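fold the following, please.
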Amino acid sequence: MNPEVLIVIPARGGSKGIPRKNLRPMCGRPLIAYSIAAAKGVGTSARVVVSTDDDEIELFSRRLGVDVLRRPAELATDKVTIDPVIVHTTEQAELQWGEHYRTVITIQPTSPLVTSHDIDQVIAMFAGDAALQTVITAVDDRHLRWREVDGAIVPDYEARVNRQQLPAVYRETGAIIACHRDMLQTGTRIGSKVKLYLMPAERSVDIDSFQDFWLCEQILSRKKIVITAIGSKETGLGHAFRAVMLASELVGYELSFVCEEDDSLARGYIEQHNYPVHSCANGTRLEAILSLEPDLVINDILDTSADYVMALKKAGVAVVNFEDLGLGAEVADLVFNALYPHQLPSDHILSGPRYFCLRDEFLYLPEGHEKEGVQRVLVTFGGVDEGNLTVRTLGVVGGELLRRGIEIDVVLGPGFSHHEELEAAVERLGSRGVHVVRATQRISDYMLAADLAITSAGRTVLELASVKVLTLAICQNQRETTHTFASSENGIINLGLRHNVEDAQILEAVCKVLDDAELRGTMRRKMAKLNLAGGKKRVIGRIAALMRRGDKGEDR
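This next block holds a predicted model:
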């Protein structure tokens, strides 16, 4: 080995703010162990050296697998800056091992969130720019700032704008400073040609106080959750909707998503909510998930196989599945099937509407009041509407509704693709009284405004039931026919599978609801008995309890 890179970790024994800081246990390991592990994990051949004046730091550093060079007492005082320490360590390393380094990198032991990838990226910056002299880790630190001028406090900005609109201002994190070896001949690591390696704020903590120490421990001890969801023109977007909703509740965990190539609609929806999504080739979901080394996987992908779930569990991963009627449900740690109450329940299979996860827009609602008759109808068939039931329904009942003076709201999902047919159907009816909404983040507003909804038999039925809207359901596919919540028992008229429903049946059912006040009262009373508000809390509670059982599946 003839390394061209020297990585120096300066670790003094004295520390006034936090006594013995560099050896203080963080999540069960000495603080210095994190920077040593990051340095040892770089992909480039490098010499890693700890510079210290302390016997105990030397002991632990050597046991952690790196070389140690002692610094003289005059370089170990509070007043000495790091530059002369790095110069001394570099010269000593070259003498002791007969090496000459091209790049010298300083990693502070007080930055435990630095990764090997960060160091590799810094090294690559030098490889790509022969004139580069210094690379410094920094974080975007744009804020509205004030300063003191002649005793007066004045703004240090030209205009009050959003933080993102301010000129870029970068703050050194102190984690990594890398320089060309020749720079050290000048006595400083900072040259005239400098580049910044930007790090995310959440990994830019430099431990200077007990509060910093606590924060880093919380970040390092976070467990990893991977959520994998389907979402395409064939499967709709309900799974992606729920995946994002769960993510917003699972605070305190490190979250990421995995989607296969065919699930482009799900991937797009998740990315819109600013979550990291790892896209993988079809059929490689398992490999993509395991590469992220999660503690828990949430599968919102319908039926799973026993082999798939067991492969996750063999890797020490806890497994939670949604709407799973496959063999994988038998061996998963938890299964939630709100839409399939007929599935045989057990200690780990929790079924029925008690475990339906309502989005927040359905939990914080204004006081409603029961209206006489039907004045407004909502037509909505999910994120994709695979059977184009929107256009069919408008063609069947639109004329009758408008003849009666009833307003129609048509709410489309983000995956709806039958726009030309819909425009033609609306034109045939005349634009007055038909309101088309191409996509919305506030569908509860349209539900609250509606007296009757015509929809598919999936999750939307439960959302409508939560706001007590009269509902007529048409099943998009065979699987929806098994969603037994959409039944007269819960105040819902279910016409069955779309292929088996005649247009005349749809019109007849709608007219019956419009004309029969007693029927409307019965439907509303049955819905009023339902209590769906606590489902999400129950689901998150069970997932959190599973996560508390142990690291990577231990003691499950």
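
strands along the stretch 401-550 of the chain, start to end?
In the stretch 401-550 of the chain, the strands defined using DSSP state E, counting those that start in this stretch lie at 407-411, 434-437, 452-455, 470-475, 492-497.

please identify the buried residues of the last one?
Going back to what we said before, that points to strand 492-497. By neighbour count on 16 or more other C-beta atoms under 10 Å, the buried set for strand 492-497 is 492-495, 497. Yep, even glycine has a C-beta here, placed from its N, CA and C like the rest.

can you list contacts of it?
With contact meaning C-beta atoms under 8 Å, 6 or more residues apart in numbering, strand 492-497 is reached by 457, 461, 465, 471-475, 477-478, 480-481, 485-488, 501, 505-506, 509, 513, 523.

hey, C-alpha coordinates of that strand in CSV?
Extracted in CSV, the C-alpha atoms of strand 492-497 (Å, rounded to 0.1, in the frame of the first residue of the first chain):
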residue,chain,number,x,y,z
ILE,A,492,-73.9,1.9,1.6
ILE,A,493,-75.5,0.7,-1.6
ASN,A,494,-73.1,-1.6,-3.5
LEU,A,495,-74.1,-2.4,-7.0
GLY,A,496,-71.4,-4.9,-7.5
LEU,A,497,-68.7,-5.4,-10.2
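
looking at it now, give me its mean pLDDT.
Taken as a whole, strand 492-497 carries a mean pLDDT of 96.

identify the structural domains in the protein and state their residue ranges.
Following automatic domain parsing, the chain resolves into domains at 5-142+168-219, 222-358+540-553, 366-528.

pull the distance from the last one to the chain's centre.
Once both centres are worked out by C-alpha atoms, centre = their mean, to the nearest Å, domain 366-528 turns out to sit 32 Å from its chain's centre.

so what would you say the end-to-end distance of that domain is?
Chord length of domain 366-528, first to last residue, is 16 Å (C-alpha to C-alpha, to the nearest Å).

for the residue nearest to the spatial centre of the chain, give me its contacts.
Centroid-nearest residue in the chain, with C-alpha atoms, centre = their mean: Tyr275, separated by 4.1 Å. The contact partners of Tyr275, taken as C-beta under 8 Å, 6+ apart, are 244, 247, 255-257.

what do you get if the cut-off is 10 Å, keeping everything else the same?
Counting by C-beta atoms under 10 Å, 6 or more residues apart in numbering, Tyr275 touches 227, 243-244, 247-248, 255-257, 269.

buried subset of those residues as a ChimeraX selection?
Typed into ChimeraX, the line below selects the buried ones among these, using 16+ other C-beta under 10 Å:
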select :227,243,244,247,255,256,257,269
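
taking the contacts of Tyr275 one by one, which sit in strands?
Members of those lying in strands (criterion: DSSP state E): 227, 255-257.

please go through the chain and pick out the longest strand.
Longest strand in the chain by number of residues (criterion: DSSP E): strand 170-180.

tell me which other helices or strands it touches.
If contacts are counted by 3 or more C-beta pairs under 10 Å, 6 or more residues apart in numbering; DSSP states H and E, strand 170-180 sits against strand 5-10, helix 32-40, helix 82-97, strand 103-107, helix 116-127, strand 134-140, strand 194-198.

the helix or strand following the last one packs against which elements?
Read it as strand 194-198. Counting by DSSP states H and E, the next helix or strand C-terminal to strand 194-198 is helix 210-220. If contacts are counted by 3+ C-beta pairs under 10 Å, 6+ apart, helix 210-220 sits against strand 25-26.

quick one: mean pLDDT over the strand it packs on.
Across strand 25-26, pLDDT averages out at 92.

many thanks, we can stop here.
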